[in-house]
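Engineer: heads up, no residue letters with this:
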Ligand code: NAD
Ligand code: UDP
């Protein structure tokens, strides 16, 4: 197949490029390089099945493809809050442009949605199933991302109902691994970089808020499996149910890096969700998919990657 990946030069997008090329497909990687980097796909430039396209997903495009994975969108709070108007435009107009393309050429379209659609979940809904409508602040500093992704899901469902576009929606929970941006402000990259540099580890609040961390290889398996499963129209959670407090993550990173960094506490950002854990029953039942890599295992290659990046000074 010929497959378009928007946001293909980012962290997850570049792993997806590797996977799809490895499976023998032709890949068009579209990116505006806001948070993605050419170095993430540099090793693919000589591959005749790979094409890199500098393009902003908010601008219309015409491409003849069989499948579209729409990943274009800054993902870390620091990056998506940098230009919030552009963030929501990217989600909404990016979805419209991908769905319009899918409609025109009959391509199946996949949306990289997020657990952020659940907002700060009600404690009685834990773990979060796909049926939960969420608890999202529509006017806060995270809204440009959360509401943008929610509107994108609406567009996906409406293009399916109104125009018969074949869609897939993955709700991704916090995912980490090599090729994350060292300065994107996300918790895994922050803690590892701080530990490797012997700087204080910045735990926001008491560190009792939880997240469930999925290693990138597991996630990409889930993506490809969902995309190629017939007739799965609604959203599906893809994530690792292993749930940790942010303090536990800090302790794991310190232990694995052997760092002498100490933990300090900083103010908790506005609207920071208190807990997050995917209910992956649907993915297990429909796709036969579940993650296989524990946080302890996945941190190893991730730390090795950041160690290399920092020692190269890049
Ligand atoms: P990332 O920032 O590394 O990748 C996003 C990519 O999109 C970058 O390459 C960036 O340059 C590109 N991009 C941004 N705006 C664009 C635009 N207007 N036009 C074209 N390209 C644009 O982040 P990631 O972690 O790889 O996330 C990929 C997707 O997965 C995002 O849509 C994100 O919302 C979603 N997601 C990720 C996580 C996670 O934990 N990593 C969790 C939930 C959802
Ligand atoms: N966090 C932290 N220290 C940091 C970065 C993040 O304590 O240096 C916390 C943040 O407040 C949140 C969690 O880690 O509770 C996950 O943050 P991240 O930005 O990675 O993703 P989110 O799930 O909030 O989108």
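Structural biologist: Received the coordinates, thanks. Keep in mind the model is a prediction, meaning the values are calculated, not measured. Numbering: from 1, shown residues only. Ligands and ions are numbered 1, 2, ... in the order given.
Engineer: Report the buried residues of stretch 11-25.
Structural biologist: By 16 or more other CB atoms under 10 Å, the buried positions in stretch 11-25 come out as 11-21, 25. The way it works is simple: take the backbone N, C-alpha and C, and place the C-beta from them, glycine included.
Engineer: what about it and ligand 1, any contact?
Structural biologist: Yes: judged by CB under 6 Å from any ligand atom, stretch 11-25 and ligand 1 are in contact via 11-13.
Engineer: And these, which is closest to residue 149?
Structural biologist: The closest of these to residue 149 turns out to be residue 12 (CB to CB; 14.4 Å).
Engineer: Who are the contact partners of the closest one?
Structural biologist: Residues near residue 12 by CB atoms under 8 Å, 6 or more residues apart in numbering: 71, 112, 172, 175, 216, 219-220.
Engineer: hang on, the earlier thing: strands - which of the residues of stretch 11-25 next to ligand 1 land there?
Structural biologist: Assigned to strands by DSSP state E, none of these qualify.
Engineer: ok, of these, which one's closest to residue 308?
Structural biologist: Closest approach between the residues of stretch 11-25 next to ligand 1 and residue 308, by CB to CB: residue 11, at 15.4 Å.
Engineer: Which residues belonging to the one helix or strand residue 211 maps to are considered buried?
Structural biologist: Assigned by DSSP states H and E, residue 211 belongs to strand 210-212. Neighbour-count burial for strand 210-212, counted by 16+ other CB under 10 Å, picks out 210-212.
Engineer: now stretch 195-207
Structural biologist: So for stretch 195-207, counting by 16+ other CB under 10 Å, buried means 195-196, 201-203, 207.
Engineer: and this protein, which of its residues are near ligand 2?
Structural biologist: Applying CB under 6 Å from any ligand atom, we find that the chain lies next to ligand 2 at 76-77, 174, 186-187, 190, 202-204, 209, 211, 246, 268-269, 272.
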